[in-house]
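*Asks:* What would the 3D arrangement of this be:
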Amino acid sequence: MAILYWISFVAFLIGVGYTAKRVAEPSVSEWLLVSFIFCVGSIIPTGFVLSALDLTANVWAWIVGSFIVLALYYFLWPRLVTPSPSYSVRAVVSNRVQTFRIWIQDLTPYLKFLYLLMFGTLLIIGITNLLLVLFTVPNEWDSMTGHLNRVIRYIQRGTMEHFGGTNWNMDTYPKSVTTIQIFSYLISGHIENAQKLIHHASYWVSLIAVFGISQRIGRSLSASFFCALAYGMFLDFLMQAITTETDIVLTAYLSCLLYFLFTYHSTRQVKYLYLVGLVFGIVYGHKITFTLLLPSVFAVMIYTVFLAPDFKTFFQRVWQLGVAIVLSMLIYTFPTGYLKNIQVFGHPIGPPTALKHQSVERAGSLSNLLEQGSRNMVRYSYDFFNLDGIRNAQWGYNLNTQIRKPIVLLEDKLGMRLDEETDFSIVPFAFQRRFEFYNANPYWGIFGFALTLPLVLLVFFRIIKSRPHWFLALAVVLHFMAISYSAPYDPFKGRYFIETGLFGVLFLLLLFSHHRLSILKPRRWAWKGYIGLIVLLGCTSAIMSVYLNIRALPLPAYGYESAFKADRIRFQTFARPDITPSYLAFDSLVPQDATVALGTINDDFEYPLYGKNLTRKLISINPFEQGVQPIPAEADYLFFSKNVIKPQTGDIRLGTDTSMENLIVKGEDYYLRKLK
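*Replies:* Prediction:
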């Protein structure tokens, strides 16, 4: 049966590509981006409808439903816009390959060195990451507690309706990406790693979009490749390519949004406004943190859409874009869970406890918010100034410590109290973050603090002048401020800056277009040498980030074995090693087809409990802030924490390793009770 699913999936992708060709111009980049949006745009509403019909677990319902939505795209979009001229995708690809060959031949030796280094690095990390995606199971914290946990739970229940999970994210998080993960998992024939498909694809889609945007702004093949390759080595972005974290998918949507905006600015074809509206609804339905990007997106819209020769043109553009956004949000945003959250919790995001924990409410008064938010801006700036990736090795750590001494001393002399003020921090700021934090969640790396951010500031303060880049600089500043003031400081927020990096990497175009910065001009050996050094260190940091990532090591390192050989339970509980013995005991005692009631807490890893084939049925009996519920009659076993349910005679104590210290979160004292 699985072979039929795969045939259907391939047929679906072919249909997506054919439909996209009716809308996209004869451009490989644009065709791929439109195909990506049409693909997710067909799957997401299908998931909402199937959930309402209790068909979430029905593979054929997914196949039929996605084809029906795709058929609607096929017939409606050519009627909304002027159809693109008929062309052969194969012929366009062949033409671009020939253009690429000519471009390579015409490069100077200096540029050939840079591009050989960057393309070679991307090839190495690309192949390595693909292997990690295909052959290692997920093990990220949020996935173990919420994201993937609910994917399997929704399939088991046959619907995505609110059910009261142990972790509050299981119910409150928007469900659009979950629909894609469920679709991928089911149509692949229950291949677990298919849940990573949308995230890994988002990495490459974002690089394609960066290339396309660069073409629209600079119209230079050399500059466009440089920007795309550099963004592929922005470490916070690169590290999510093998995970099921949601920020990289948001980045892919945002990159498509920016591409359509800048393409509209270049062509003034109304279809791009409609595509912007479509993506706007999809991305807002994906994650509420897109709200933090609204000021930045609006800044780009001012340049690309709202600056018009007269009021009539301005009004027409706003009307067309506004209608597209509203219609798209009705289909892709509101059904994803925000309305249900209002009904259950009285807020579109979630329960008050969560809001107080990680929102502006934690700051208290407005004056304190302004003070602590400003302090956060400096904290994040300090976090950016690190040799991330390179400091995974001891020699890199020592070098990083030395180059940071002046700015650490500066903070002390200015008395900014970055590490002493903690009332607006989830994890207090430290000048040397924990290894686990910077290893798994780096910032941009040397491409960021040594090249991109200086260019942003030079343009923002008008020292270097470029009209489109000034609006992009404003977008970077606005998003930086939004992250700093909207929530407490958190060292894991490095992952939020991958969207900021999408705006920032476009400043590398200036290295090819601005007369004061161009590396295309003869001589300027000092400047070219500096850029070459940044590229060399950036490529080195990218490889070290991938090969020294303790969460998924391609090769043995730090005393850990390769992720390809790691035991499943040990690998998935890597972030909480003290619970590993109890989870191993659970897995050896409980059959793979058992039904297990869970008396666990919000931070507990539940996903590993499904078993290697994800066949155990789990039922939460301690839903977030609702108290312990009765054990259902269908349960065969009860897995619980001593702090949730009192043990009784006959319960098997699984425990935790209490000898471990310096843990992020300590495990509970776990027990297992056989009910039947």
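*Asks:* Now do the SS call for residue 597.
*Replies:* Secondary structure for residue 597, judged by DSSP: H, G, I helix; E, B strand; the rest coil, is strand.
*Asks:* Check the gap between the closest residue to it other than its chain neighbours and residue 582 for me.
*Replies:* Nearest non-adjacent residue to residue 597, counting by Cβ to Cβ, 6 or more residues apart in numbering: residue 635, 4.0 Å away. C-beta here means a position set from N, CA and C on the backbone, and glycine is covered the same way. With distances taken as Cβ to Cβ, to the nearest Å, residue 635 is found 19 Å from residue 582.
*Asks:* ok, the two, which is more surrounded?
*Replies:* Taking other Cβ atoms under 10 Å, residue 635 and residue 582 do not tie; residue 582 has more neighbours (23 against 20).
*Asks:* so how many other residues sit close to the residue nearest to the more buried one when sequence neighbours are not counted?
*Replies:* Of all residues not flanking residue 582 in the chain, residue 654 sits nearest, at 3.6 Å (Cβ to Cβ, 6+ apart). Residue 654: 21 surrounding residues under other Cβ under 10 Å.
*Asks:* returning to that earlier point: pretty sure the residue nearest to residue 597 is touching residue 598, no?
*Replies:* No: contact criterion Cβ atoms under 8 Å: residue 635 and residue 598 do not qualify, at 9.3 Å.
*Asks:* can you list residues touching both of those two?
*Replies:* Residues touching both residue 635 and residue 598 by Cβ atoms under 8 Å, 6 or more residues apart in numbering: residue 619.
*Asks:* Could you give me the buried positions within stretch 387-406?
*Replies:* Along stretch 387-406, these residues count as buried under the neighbour rule (16 or more other Cβ atoms under 10 Å): 387-392, 396-397, 400, 404.
*Asks:* I meant stretch 572-587, not that one.
*Replies:* Across stretch 572-587, burial judged by 16+ other Cβ under 10 Å covers 572-576, 578-587.
*Asks:* Check stretch 325-336 too.
*Replies:* Within stretch 325-336, the residues that count as buried by 16+ other Cβ under 10 Å are 325, 328-329, 331-336.
*Asks:* Make TSV out of those and add secondary structure and distance to residue 605.
*Replies:* Formatted as TSV, the buried residues of stretch 325-336 follow (DSSP: H, G, I helix; E, B strand; the rest coil; distance: Cβ to Cβ, whole Å):
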residue	secondary structure	distance to residue 605
325	helix	38
328	helix	36
329	helix	34
331	helix	34
332	helix	31
333	coil	30
334	helix	32
335	helix	29
336	helix	25
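*Asks:* Report the mean confidence score over the top helix by length along the chain.
*Replies:* Ordering each helix of the chain by length in residues (DSSP state H) puts helix 109-135 first. Averaged across helix 109-135, the pLDDT comes to 97.
*Asks:* repeat for stretch 193-211
*Replies:* 97.
*Asks:* right, and residue 621 touches residue 601 too?
*Replies:* No: with contact defined as Cβ under 8 Å, residue 621 does not count as touching residue 601 (12.0 Å).
*Asks:* Tell me which of the two has more neighbours.
*Replies:* Legend: neighbour count by other Cβ under 10 Å for residue 621 and residue 601, higher for residue 621 (22 against 17).
*Asks:* Once you drop chain neighbours, what's closest to that one?
*Replies:* The nearest residue in space to residue 621 (Cβ to Cβ, 6+ apart) is residue 629, at 4.6 Å.
*Asks:* Ramachandran angles for the one you found?
*Replies:* Residue 629 has phi and psi values of phi -100, psi 160 when expressed as degrees, to the nearest 10.
*Asks:* okay, it: pLDDT?
*Replies:* The score at residue 629 is 94. That number is its pLDDT.
*Asks:* That one - how many residues pack around it?
*Replies:* Around residue 629 there are 14 residues (other Cβ under 10 Å).
*Asks:* Isn't it up against residue 644?
*Replies:* No: if you go by Cβ under 8 Å, residue 629 and residue 644 don't touch, sitting 11.0 Å apart.
*Asks:* tell me, what's touching the two both at once?
*Replies:* Common neighbours of residue 629 and residue 644 (Cβ under 8 Å, 6+ apart) are residue 622.
*Asks:* Buried ones in stretch 408-426, by neighbour count?
*Replies:* 411, 416, 418, 421, 424-425.
*Asks:* Show me what the strand or helix carrying residue 260 is packed against.
*Replies:* Residue 260 belongs to helix 247-267 when assigned by DSSP states H and E. Counting contacts by 3 or more Cβ pairs under 8 Å, 6 or more residues apart in numbering; DSSP states H and E, helix 247-267 packs against helix 28-52, helix 197-218, helix 271-286, helix 294-301, helix 497-504.
*Asks:* My guess is the residue nearest to residue 582 contacts residue 584. True?
*Replies:* No: Residue 654 is not in contact with residue 584 according to Cβ under 8 Å; the separation is 9.0 Å.
*Asks:* ok, residue 205 - contacts?
*Replies:* Counting by Cβ under 8 Å, 6+ apart, residue 205 touches 32-33, 36, 252, 255-256.
*Asks:* And these, which is closest to residue 174?
*Replies:* Closest approach to residue 174 among those (Cβ to Cβ): residue 252, at 15.4 Å.
*Asks:* what's the average pLDDT for stretch 479-498?
*Replies:* 87.
*Asks:* low-confidence ranges in the stretch 1-150 of the chain?
*Replies:* Along the stretch 1-150 of the chain, no part satisfies pLDDT under 70.
*Asks:* related to what we said a few turns ago, and the buried residues of stretch 572-587, which is closest to residue 500?
*Replies:* Of the buried residues of stretch 572-587, the one sitting nearest to residue 500 (Cβ to Cβ) turns out to be residue 575, at 25.4 Å.
*Asks:* Please look at that closest one and residue 138 and confirm they touch.
*Replies:* No: applying Cβ under 8 Å, one finds residue 575 not in contact with residue 138, separated by 11.8 Å.
*Asks:* Report the set of residues contacting both of these two.
*Replies:* Jointly contacting residue 575 and residue 138 under the rule Cβ under 8 Å, 6+ apart are residue 144.
*Asks:* How much space separates residue 346 from residue 340?
*Replies:* According to Cβ to Cβ, residue 346 stands 12 Å off from residue 340.
*Asks:* higher neighbour count, these two?
*Replies:* A count of neighbours by other Cβ under 10 Å puts residue 340 above the other of residue 346 and residue 340, at 18 against 10.
*Asks:* who's in contact with the residue nearest to that one when sequence neighbours are not counted?
*Replies:* Closest residue to residue 340 apart from its sequence neighbours, by Cβ to Cβ, 6+ apart: residue 162 at 5.6 Å. Residues in contact with residue 162 (Cβ under 8 Å, 6+ apart) are 171, 340, 344.
*Asks:* ok, now residue 56?
*Replies:* For residue 56, the contact set (Cβ under 8 Å, 6+ apart) comprises 47, 50, 154-155, 157-160, 182.
*Asks:* Recalculate using a threshold of 10 Å.
*Replies:* Each residue near residue 56 by Cβ atoms under 10 Å, 6 or more residues apart in numbering is listed here: 47, 50, 62, 154-161, 178-179, 182-183, 186.
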